[in-house]
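> sequence unavailable; structure follows:
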């Protein structure tokens, strides 16, 4: 039996970035083509191996080289494309993502096999806050209010809280989360499909640790500054221990959660609704337009 690991949401931006690296169409297909040809192929060889790419091949190879998935070098008059260690190890992600996609998503619209399922799954998850939301909800043993995971998902200087509600609505539509409760007081939890995502996301996180720069990482302060700061800081006397207080009952805790969630969620809920806005009546089309 595989034990799923729920990571700290602080690692989510790096894994979300990994999805951005691997999600563009045909990225996995290029790696699979190289793998079938021993790890390298002259550029002109892609014309026979991937004829549907056409003029898009050049820009895709350039982007993949920039992401460290492939390298290119001249060999005589030809340019040879080679798969890097990052590219080879990215192909190992096919198994967990294919298992998940074949169980919880439909048959891919284009392509067949593991590559098509992997590309479909990764592309569907490449939306802001997806990884952080899945991990935050997976770490909870019960349904939670959005405001209870908001601070873990959205940085303090990041987008408005309504962005979280927007993403939760999209994830509900995709079958990853389920919602219950009343308007402006909803609670959310992962569906079986959402919980099953923890395993492929863990595999992606291990790959990202070695091959994707963490966008949330900050450079360390110079050593001299760190030593100065440590020397100048005087010992802090800990405050006296507080007297023990009576623990609230489960009913009181539930009421407190609901009240706090309602207060924090009100502004975001006013800015976002699960209900689609009213659409204007369609204009009458002319006869030629109808036939087009």
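Cool, the structure landed. This structure is a prediction, so every number in the text was calculated from the model and none was measured. Numbering: from 1, shown residues only.
> so where is the chain shaky, pLDDT-wise?
1-5, 156-159, 216-292 (pLDDT under 70).
> now do the residue nearest to residue 67 when sequence neighbours are not counted against residue 170, distance only.
Distances taken as CB to CB, 6 or more residues apart in numbering put residue 21 closest to residue 67, at 4.8 Å, once the chain neighbours are dropped. Heads up, the C-betas are built off the backbone N, CA and C, glycines and all. Distance of residue 21 to residue 170, computed by CB to CB, to the nearest Å: 21 Å.
> tell me where the stretch 1-150 of the chain has strands.
For the stretch 1-150 of the chain, the strands defined by DSSP state E, counting those that start in this stretch cover 40-42, 70-75, 78-83.
> make TSV from those strands and add mean neighbour count to it.
Formatted as TSV, the strands of the stretch 1-150 of the chain follow (neighbours: other CB atoms under 10 Å):
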stretch	mean neighbour count
strand 40-42	18
strand 70-75	13
strand 78-83	17
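> kindly reformat those as a markdown table containing distance to residue 52.
Written out in a markdown table, the entries for those read as follows (distance: least, CB to CB, whole Å):
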| stretch | distance to residue 52 |
| --- | --- |
| strand 40-42 | 16 |
| strand 70-75 | 19 |
| strand 78-83 | 17 |
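> among those, which is nearest residue 132?
Within these, the stretch nearest residue 132 is strand 70-75; the backing value is 29.1 Å (CB to CB).
> residues contacting the closest one, please?
Residues outside strand 70-75 that contact it (CB atoms under 8 Å, 6 or more residues apart in numbering): 30-31, 34, 42-43, 61, 64-65, 79-84, 87.
> re the thing from before, who's more crowded, residue 21 and residue 170?
residue 21 (22 against 15; other CB atoms under 10 Å).
> any idea how far the more buried one is from residue 14?
11 Å.
> shared neighbours, those two?
Common contacts of residue 21 and residue 14 (CB under 8 Å, 6+ apart): residue 212.
> for residue 76, give its distance to residue 42.
From residue 76 to residue 42 the distance is 10 Å (CB to CB).
> what of residue 196?
40 Å.
> to residue 131, which of the strands of the stretch 1-150 of the chain lies closest?
strand 70-75 (24.6 Å).
> strand partners (parallel or antiparallel) of that closest one?
Next to strand 70-75 in the sheet, as set by DSSP bridges, lie strand 78-83 (antiparallel).
> need the contact partners of the strand it pairs with.
31, 34-35, 39-44, 46, 61, 69-74.
> rerun that using 6 Å as the cut-off
34, 39-43, 70-73 (CB atoms under 6 Å, 6 or more residues apart in numbering).
> right, and the pair among the residues you listed with maximum separation?
Of all pairs drawn from the contacts of strand 78-83, the one with the longest distance (CB to CB) is 39 and 43, at 14.8 Å.
> for the strands of the stretch 1-150 of the chain, which one sits closest to residue 129?
Closest approach to residue 129 among those is made by strand 70-75 (29.2 Å; CB to CB).
> hmm, residue 194 and residue 176 touching each other?
Yes - under the criterion of CB atoms under 6 Å, residue 176 makes contact with residue 194 at 4.0 Å.
> now do the contacts for residue 115.
28-29, 32 are the contacts of residue 115 under CB under 6 Å, 6+ apart.
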